[in-house]
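Participant: From the sequence below, what's the structure:
(chains A and B)
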Protein chains: 2
Amino acid sequence: MSNATAVPQVSAPLMAPEAPVLVLASASTARRKVLAAAGLRFEAEAAAVDETAVKESLKAEGATALQAAETLAELKAQRVAVKYPGALVIGADQILSCNDVWFDKPPDGDHAAAHLRALSGKTHELNTAVCAVRNGARAWHHNAVARLTMRALSNTFIAAYLEAAGPEVLTSVGAYQLEGQGAQLFTAVEGDFFTVLGLPLLPLLDFLRANKVVPS
Amino acid sequence: MSNATAVPQVSAPLMAPEAPVLVLASASTARRKVLAAAGLRFEAEAAAVDETAVKESLKAEGATALQAAETLAELKAQRVAVKYPGALVIGADQILSCNDVWFDKPPDGDHAAAHLRALSGKTHELNTAVCAVRNGARAWHHNAVARLTMRALSNTFIAAYLEAAGPEVLTSVGAYQLEGQGAQLFTAVEGDFFTVLGLPLLPLLDFLRANKVVPS
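Facilitator: Residues are numbered from 1 along each chain as shown, chains lettered A, B, ... in the order given. All right, here's what the predicted structure looks like:
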């Protein structure tokens, strides 16, 4: 378990007595924050999965972006679950699609600008999947889609935005944080805020309550 | 301007060059955070308005909760605008209604528990209004409603939740922060996240772009 990362305590715990060990199979800071803020106590570990290769292969086989997110969420949870026998392992994935093009996290500022030029003036989807795996079996899953409409952005605005938002944008597939300066990119957001952040929290909490991880 | 409060810098500014002075007529930490996170730079000042008296009077006159929120948002903006000639002053208000009962911020933990018992197992509305006032005239307004469904809560859960969430719940009409442990109260949230937080941000940014406060 050498890859497990300490999760910052952002709120007091609100867990069931004798809750099973909970593990989040994700490197995403946004997901860790969402779960910690809701009062969950858990370990977090990034799964060693070549996401780009898996996505390309699934797309070539004709999978939709949401199907690919579901497969990747489970793959990540299964990979981490091997190390945590008996634990409840949460996997999640999010794929941004716009007119059938899938987007990856931009590696640098130039790619982030290219992402924003491609999304400018259009509606894109955040295809989001979350699942729970225990002892090698998927116990639960939930898929959700959020639709975001970006206004038409000038190159001048894109440059000013990337300057203000900083390197944090490179941690997001769309090169934005809706909860930050990214709000200035959009005219409309349809769908749950937690889904936008990459972790459909309310259905997940429902599952965790049924499994006595959080109190009911 | 002795009541003006410093607004914490939570992100780098993303403002138009030579933007007019912007003032938020609100004491709400949540609203200040939302606006600051979006890259806005502004002064913030709580308006001296007896909100409870105004609400009671409006309700007696037959106003809906959304109409009352709209009136209160403008009243707060007008009150503060007197001190800031030429500035763009943003006013906002939110009224929680459930089956025609309007809720006020709970003054203490016992009232917070009573709020939660009253909302348990029901859907309530967050009636939210935002407006902009300049030199005594309302330049713009927007109303939005979010609907939140609370699961049936046991008294044991309510006690555990209030213990974990702490005194912060007293700053919210519903005794919850959806972005904190409050997420454990809900089965469904319908409506914009920023509306839940008390400031419909995307329409406000649209207005601020048109008025050259933020860049387009």
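
Participant: Quick check: next helix or strand after the lengthiest strand in chain A?
Facilitator: If you go by DSSP state E, chain A has its longest strand at strand A:137-150. Proceeding N to C from strand A:137-150, the next assigned helix or strand is helix A:155-165, under DSSP states H and E.

Participant: Show residues contacting the helix or strand just after that following helix.
Facilitator: The first helix or strand that comes after helix A:155-165 along the chain, using DSSP H and E, is strand A:186-190. Residues outside strand A:186-190 that contact it (C-beta atoms under 8 Å, 6 or more residues apart in numbering or on different chains) are A:123, A:146-151, A:178, A:196, B:192-193, B:202, B:206. Just so you know, the C-beta spots here come from the backbone N, C-alpha and C atoms, and that holds for glycine as well.

Participant: Near residue A:53, how many other residues are there?
Facilitator: Using other C-beta atoms under 10 Å in any protein chain shown, residue A:53 is surrounded by 9 other residues.

Participant: Would you verify that it is located in a helix?
Facilitator: Yes. According to DSSP: H, G, I helix; E, B strand; the rest coil, residue A:53 belongs to a helix.

Participant: pLDDT score assigned to it?
Facilitator: At residue A:53, the predicted lDDT confidence score is 95.

Participant: Distance check, it against residue A:62.
Facilitator: Computed with C-beta to C-beta, to the nearest Å, the distance linking residue A:53 and residue A:62 is 17 Å.

Participant: Help me see whether stretch A:90-103 makes contact with chain B, please.
Facilitator: No. Between stretch A:90-103 and chain B, judged by C-beta under 8 Å from any C-beta of the partner chain, nothing touches; the nearest distance is 14.8 Å.

Participant: For the closest residue to residue A:85 other than its chain neighbours, list the residues it contacts.
Facilitator: On the basis of C-beta to C-beta, 6 or more residues apart in numbering or on different chains, the spatially nearest residue to residue A:85 that is not a chain neighbour turns out to be residue A:135, at 6.4 Å. Residues near residue A:135 by C-beta under 8 Å, 6+ apart: A:81, A:85-86.

Participant: which of these are buried?
Facilitator: With neighbours counted using 16 or more other C-beta atoms under 10 Å in any protein chain shown, the contacts of residue A:135 contain these buried positions: residue A:81.

Participant: I'd like the contacts of residue A:135 as CSV, with pLDDT and secondary structure appended.
Facilitator: Converted to CSV, these look like this (pLDDT from 0 to 100; DSSP: H, G, I helix; E, B strand; the rest coil):
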residue, pLDDT, secondary structure
A:81, 97, helix
A:85, 97, coil
A:86, 96, coil
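
Participant: closest to residue A:104 among the contacts of residue A:135?
Facilitator: Using C-beta to C-beta, residue A:81 comes nearest to residue A:104 of those, at 25.2 Å.

Participant: my guess is the closest one meets residue A:87, correct?
Facilitator: Yes. A contact is recorded between residue A:81 and residue A:87 when judged using C-beta atoms under 8 Å, the distance being 7.1 Å.

Participant: what touches both of these two?
Facilitator: Here residue A:81 and residue A:87 have A:23, A:134 as joint contacts, going by C-beta under 8 Å, 6+ apart.

Participant: and for stretch A:79-92, what are the contacting residues?
Facilitator: Counting by C-beta under 8 Å, 6+ apart, stretch A:79-92 makes contact with A:1, A:20-26, A:28, A:31, A:35, A:42-43, A:45, A:47-49, A:72-78, A:128-136, A:139, A:198-199, A:204, A:208, A:211, A:213, all of which sit outside it.

Participant: Just the ones of those residues in helices?
Facilitator: Those of those mapping onto helices are A:31, A:35, A:72-78, A:204, A:208, per DSSP state H.

Participant: now the contacts of strand A:186-190: which count as buried?
Facilitator: Neighbour counting over the contacts of strand A:186-190 (16+ other C-beta under 10 Å) leaves A:146, A:148-151, A:178, A:196, B:192-193, B:202, B:206 as the buried ones.

Participant: for those residues, which one is nearest residue A:109?
Facilitator: Each of the buried ones among the contacts of strand A:186-190 was checked against residue A:109 using C-beta to C-beta; the closest is residue A:150, at 18.0 Å.

Participant: Show me what that closest one is bridged to.
Facilitator: When bridges are assigned using DSSP bridges, the partners listed for residue A:150 are residue A:186.

Participant: Output the residue of chain A whose distance to chain B is smallest.
Facilitator: Nearest residue of chain A to chain B (C-beta to the nearest C-beta) works out as residue A:193 at 3.4 Å.

Participant: Report the contact partners of that residue.
Facilitator: For residue A:193, the set of contacting residues under the criterion of C-beta under 8 Å, 6+ apart consists of A:178, B:189, B:193, B:196.
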